[in-house]
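K.L.:
I'd like to go over a predicted model; first the sequence, then the structure.
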Amino acid sequence: YESTVSDPEAITRLLAALDCTQIAVVDKVREEWITADGDIAVAFDEVAGLGTFIECEFKGEAENIQAATARLDAFVSTLDADLGDRIHAGYPHLILDRHPAA
């Protein structure tokens, strides 16, 4: 679930009261872009201690996951940039050096 939080300190106290333990802090700055047709969102993330990442997300309509993935792959190929390998782990896992199987 995602939601806005008006009082982060209150949520932190609530989680502590529920006996939750903080395991990682992701400190990032994100710059977001969207294609002219609105189908693909591109985010550039600068993550403290990890480096710079690019995330492309399909936001349009597609018949199935394969069609959406094909649209993303086609978009990425137009970037003409050396993006490196895909990473299938979230920032908390990378920070903790816990890489789930790709």
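P.N.:
Alright, I've got the coordinates.
K.L.:
Please count neighbours and contacts with C-alpha atoms only from this point.
P.N.:
OK.
K.L.:
Run through the residues that contact the nearest residue to Tyr91 once chain neighbours are set aside.
P.N.:
Nearest residue to Tyr91, sequence neighbours excluded (Cα to Cα, 6 or more residues apart in numbering): Val26, at 6.7 Å. Val26 sits next to 47-48, 91-92, 95 when contact means Cα atoms under 8 Å, 6 or more residues apart in numbering.
K.L.:
does Val26 sit in a helix, a strand or a coil?
P.N.:
Using DSSP: H, G, I helix; E, B strand; the rest coil, the secondary structure recorded for Val26 is coil.
K.L.:
in the protein, which spans are strands?
P.N.:
28-34, 40-47, 51-58 (DSSP state E).
K.L.:
Please point out which parts of the shortest one sit buried.
P.N.:
Taking 16 or more other Cα atoms under 10 Å as the basis for neighbour counts, the residues of strand 28-34 that come out buried are Lys28.
K.L.:
any residues touching that strand, and which ones?
P.N.:
Strand 28-34 has contacts (Cα under 8 Å, 6+ apart) with 40-48.
K.L.:
any idea of the mean pLDDT in it?
P.N.:
What strand 28-34 shows for mean pLDDT is 97.
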